[in-house]
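Participant: sharing a model prediction with you, sequence too.
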Amino acid sequence: MKLSTSKIFLLAVMAIFTLGGLSLLVHPVQDVNLLNAEASDREASINDALPGKELLLAPFQITSAALDKRYFPEDLTVTDDYGEIMRGNPPFEATPTEKNVNKLYQVCKEQGKNFLYVILPGKPLYDEEITSYGIPCTRNSGADKKKDAMQELGIPVLDLREPFREKFGDDPDRSAVFYKTDHHWNADSGLMASRLIAKDLNERFGMSLQTDNLDEEKLGREVYPDAFVGEMGMAALGKYGGRDDFIRRYPLYDTHFRFISPKQGIDETGGFEVFTDEAFLEERPVDYGHNLYYYYMFVNGSRDEIFNYDVSDGDILMIKESFSCVLSPFLALSCKHLTLWDMRMETNVISWIEEHPEIETVIIAYHTSAVGDSELNNFR
């Protein structure tokens, strides 16, 4: 009997399902305390304890990839005409956060510290890039409202969406800014942002940051083809939905740093490599579950410190989220001391600032989704 192509495909899918089920019988899930775990911990525990996970997911992902599936309404995700995976957000009434920002700003003013709220370009650059596909997105419009409210209070704001739109706005292929399979931006974008921030701090507050350390001719660039699958790509199509080229930027001159990360138990002295994961990059493990985005800074640490022994000016506290993993290493090239603070892990930053008079400049660097996040903007 001659089997049609569709029947052969169906049999293959059934076989994969069967193998996935058998793997569960051979390797049952054990020792996972789901009832007492946080949601993220439950998910991680299931992922770690489920040897048949990839086989179970494979039929859906292979089928979706084969059919060039682009819409994932269950999580408001779409793949655009250029292969860029983007996620919208449901309409919501944004929590007023500008009052909390103003509270921190006033503390900094009382102590004579410079203060700057930096809006980083999140994905998409324009809400219309997602809404044109019928998926709601109010990230940029929400950030616009927050920006207006902060400026009415006199809070200094640097909106980096504007220079990014000027440079890339006419190019609908956003791979120059973001990874196609991820919501994060690439190292070129983090480097561009660090230049703009350092330049603004010098011009706005009369600081003397070493912006020439960020000149293009002083930095190397290397591209690793098909080395990266981002978080959104994994969630949508896994390793069957394509890969990104990974971009590495690094100084071409000698550097001397000390990097302290309490969360990771790190206290290292050396060159730029002290906060880059060189071994992980060389291995380039692109299997399901790995995230090469954290080549810089390893993870989202909190109260990390970077001392630059080649620069004599600039003691900066940057309140940040994951976008700063590829921003902070380059900003650190221009200043003497950079402290990184993540509100998701350390909450009362106001008390800490009051106890550290040596900090002369406080920056909040949030991408568009985080600008309206009530927890990230509650500085206690």
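Facilitator: Now that the structure is in, tell me what you want to look at.
Participant: chain center to stretch 142-162: distance?
Facilitator: 21 Å (Cα atoms, centre = their mean, to the nearest Å).
Participant: show residues contacting that stretch.
Facilitator: Residues from elsewhere that reach stretch 142-162 (Cβ atoms under 8 Å, 6 or more residues apart in numbering): 94, 96-98, 101-102, 105, 115-122, 125, 140, 193, 196-197, 200, 204, 368, 371-372. The C-beta positions use only the backbone N, C-alpha and C, and glycine is treated the same way.
Participant: buried stuff in that stretch?
Facilitator: 142-147, 149-150, 155, 157-161 (16 or more other Cβ atoms under 10 Å).
Participant: which one of the residues you listed is nearest to G301?
Facilitator: G301 has its nearest neighbour among the buried residues of stretch 142-162 in L160, at 22.6 Å by Cβ to Cβ.
Participant: re the thing from before, secondary structure added to the buried residues of stretch 142-162, as TSV?
Facilitator: Shown next, in TSV, are the buried residues of stretch 142-162 (DSSP: H, G, I helix; E, B strand; the rest coil):
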residue	secondary structure
G142	helix
A143	helix
D144	helix
K145	helix
K146	helix
K147	helix
A149	helix
M150	helix
I155	coil
V157	strand
L158	strand
D159	strand
L160	coil
R161	helix
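Participant: who does P251 bridge with?
Facilitator: Applying DSSP bridges to P251 gives these bridge partners: L219.
Participant: residue contacts, it?
Facilitator: Contact analysis of P251 by Cβ under 8 Å, 6+ apart lists 213, 218-220, 272, 333.
Participant: only the buried subset of those, as a PyMOL command please.
Facilitator: In PyMOL, this line selects whichever of the contacts of P251 come out buried by 16+ other Cβ under 10 Å:
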select buried, resi 213+219+272+333
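Participant: between the contacts of P251, which is nearest S324?
Facilitator: L333 (14.1 Å).
Participant: about what we covered before: quick check: of the buried residues of stretch 142-162, which lies closest to M343?
Facilitator: Proximity of the buried residues of stretch 142-162 to M343 (Cβ to Cβ) peaks at K146, which lies at 15.7 Å.
Participant: can you map out the strands along the stretch 51-200 of the chain?
Facilitator: In the stretch 51-200 of the chain, the strands defined using DSSP state E, counting those that start in this stretch lie at 71-72, 77-79, 85-87, 114-120, 157-159.
Participant: out of those strands, which is closest to G230?
Facilitator: Proximity to G230 (Cβ to Cβ) singles out strand 85-87 among those, at 7.6 Å.
Participant: which other helices and strands does the closest one contact?
Facilitator: On a contact count with 3 or more Cβ pairs under 8 Å, 6 or more residues apart in numbering; DSSP states H and E, strand 85-87 meets strand 77-79, helix 128-131, helix 231-236.
Participant: let me see the mean pLDDT of it.
Facilitator: On average, the pLDDT along strand 85-87 is 91.
Participant: ok, it: who's next to it in the sheet?
Facilitator: strand 77-79 (antiparallel).
Participant: and the closest residue to N348 other than its chain neighbours, how far from V299?
Facilitator: Closest residue to N348 apart from its sequence neighbours, by Cβ to Cβ, 6 or more residues apart in numbering: R380 at 4.1 Å. Distance, R380 to V299, by Cβ to Cβ, to the nearest Å: 23 Å.
Participant: how about low-confidence regions in the chain?
Facilitator: For the chain, the stretches flagged by pLDDT under 70 are 1-69, 92-95, 237-241, 284-290.
Participant: and it, what are its domains?
Facilitator: Using automatic domain parsing, the domain parsing of the chain gives 5-67, 98-371.
Participant: which of the ones you listed sits most buried?
Facilitator: Ranked by mean neighbour count, the domains of the chain are led by domain 98-371 with a mean of 18 (mean count of other Cβ atoms under 10 Å).
Participant: now do that one: distance from first to last residue.
Facilitator: When the termini of domain 98-371 are compared using Cα to Cα, to the nearest Å, they are 9 Å apart.
Participant: relative to Y296, how far out is D127?
Facilitator: Using Cβ to Cβ, one obtains 28 Å as the distance from D127 to Y296.
Participant: about what we covered before: from the contacts of P251, pick the one nearest R87.
Facilitator: Minimum distance to R87 across the contacts of P251 is 30.9 Å, recorded for L219 (Cβ to Cβ).
Participant: contacts only, for that closest one.
Facilitator: 191, 249-252.
Participant: try Y309
Facilitator: Neighbour list for Y309: 256-258 [criterion: Cβ under 8 Å, 6+ apart].
Participant: give me the subset of those residues lying in strands.
Facilitator: Mapping the contacts of Y309 onto strands (DSSP state E) picks out 257-258.
Participant: can you map out the helices along the protein?
Facilitator: Along the chain, counting by DSSP state H, helices occupy 5-26, 39-49, 53-66, 98-110, 128-131, 139-152, 161-168, 187-205, 231-236, 278-283, 328-331, 349-354, 368-371.
Participant: and the last one, what does it pack onto?
Facilitator: In other words, helix 368-371. When contacts are defined as 3+ Cβ pairs under 8 Å, 6+ apart, helix 368-371 packs onto strand 114-120, helix 139-152.
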